[in-house]
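Structure here, sequence nowhere to be found:
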């Protein structure tokens, strides 16, 4: 029986996709992985189909007809996982910046019924192996501080690509509509869950951050300086919307 599903969005990842390592996401009973092929134009689709053929019990594939961006790929994957009956869903970057064993550790935080939303955090503590370029680290700290203010709660790292959530009608509602942002959809999802609707709402105490033991800045990131500027503008717009929703 599958209880937890990790969604892995993939777009032109053929040169970076490490199939054997990604199967670490299904190293524990009850865990499955759902690869979402976001309209790739290389061999990504064939590679993940081959993984699914090898492990049809725990590897699933969703092919999107055209590239819609990471936000839409994650949303489509999470909705498919929820529709399939998963009790816990999450998403994880295909580049393995976060090791699969860390994603499993993150999902286990939801064993505590008080936790609704678990997020990995890249905190460079002694004894941890967090490798980021200085530029991305400092830009990330500025953005994270702004995101924390916009969310009105203390959060260290909203943009790490590893998150896990408990299935609920509230989460299903939050995923009904496409995200309005491309790179800040993590924050947008959190805001939707906090703003809530008739199914309820989440509170800061429902979230938890887990400092990663290991994370590596992998070459080939699709995040450009232009995208960073766009993310900042999106965050400002989201903050205005969120303030209106909470009144």
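On my side now, so go ahead. Keep in mind that this is a model prediction, so the values were computed, not measured. Residues are numbered from 1 along each chain as shown.

Could I get the contacting residues of the most centrally placed residue in the chain?
The chain has residue 91 as the residue nearest its centroid, 3.8 Å off, counting by CA atoms, centre = their mean. Applying CB atoms under 8 Å, 6 or more residues apart in numbering to residue 91 gives the contacts 6, 7, 8, 9, 74, 77, 78, 161, 162, 163. Every C-beta, even on glycine, is put in place using the N, C-alpha and C of the backbone.

Check for me that it belongs to a strand.
Yes. Residue 91 forms part of a strand when assessed by DSSP: H, G, I helix; E, B strand; the rest coil.

all strands of the chain, in order?
With DSSP state E, the ranges of strands along the chain come out as 4-10, 31-38, 59-64, 88-92, 117-121, 129-131, 162-166, 207-211, 214-216.

Including distance to residue 53, could the ones you listed go into a markdown table?
Shown next, in a markdown table, are the strands of the chain (distance: least, CB to CB, whole Å):
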| stretch | distance to residue 53 |
| --- | --- |
| strand 4-10 | 16 |
| strand 31-38 | 12 |
| strand 59-64 | 8 |
| strand 88-92 | 21 |
| strand 117-121 | 30 |
| strand 129-131 | 34 |
| strand 162-166 | 26 |
| strand 207-211 | 33 |
| strand 214-216 | 29 |
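
Just tell me which of those strands ends up closest to residue 16.
For those, proximity to residue 16 was assessed by CB to CB; strand 4-10 is nearest, at 9.5 Å.

chain center to that closest one, what's the gap?
Here the centre of strand 4-10 is set off from its chain's centre by 8 Å, with CA atoms, centre = their mean, to the nearest Å.

From the contacts of residue 91, pick the one nearest residue 197.
Distances from residue 197 to these, taken by CB to CB, are shortest for residue 78, at 17.1 Å.

Any idea how many residues pack against that closest one?
Per other CB atoms under 10 Å, the neighbour tally for residue 78 reads 26.

Of all the contacts of residue 91, the one with the weakest confidence?
Here the lowest pLDDT out of the contacts of residue 91 sits on residue 161, with 93.

for this structure, what spans make up the helices?
Counting by DSSP state H, the chain has these helices, from start to end: 19-22, 44-54, 70-83, 100-108, 134-151, 169-174, 185-195, 225-246.

Can you add distance to residue 209 and give the ones you listed back as a markdown table?
As requested, the helices of the chain are exported to a markdown table (distance: least, CB to CB, whole Å):
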| stretch | distance to residue 209 |
| --- | --- |
| helix 19-22 | 24 |
| helix 44-54 | 30 |
| helix 70-83 | 19 |
| helix 100-108 | 10 |
| helix 134-151 | 11 |
| helix 169-174 | 18 |
| helix 185-195 | 12 |
| helix 225-246 | 18 |
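
Determine which of those helices approaches residue 201 most closely.
With CB to CB as the criterion, residue 201 lies closest to helix 185-195 of those, at 6.1 Å.

which parts of that closest one are buried?
The neighbour-count check on helix 185-195 (16 or more other CB atoms under 10 Å) flags 185, 186, 187, 188, 189, 190, 191, 192, 193, 194 as buried.

Please name the residues that touch residue 230.
Applying CB under 8 Å, 6+ apart, the residues near residue 230 are 182, 183.

Kindly recompute the last result at 6 Å.
By CB atoms under 6 Å, 6 or more residues apart in numbering, no residues touch residue 230.

again, but for residue 81
By CB under 6 Å, 6+ apart, residue 81 lies in contact with 5, 34, 89.

What does the pLDDT read for the closest residue in space to the last one that isn't next to it in sequence?
Nearest in space to residue 89, with sequence neighbours left out and distances taken as CB to CB, 6 or more residues apart in numbering, is residue 81 at 4.5 Å. Note for residue 81: predicted pLDDT of 98.

gap between residue 97 and residue 64?
22 Å (CB to CB, to the nearest Å).

same check, this time on residue 144
Residue 144 sits 30 Å away from residue 64, going by CB to CB.
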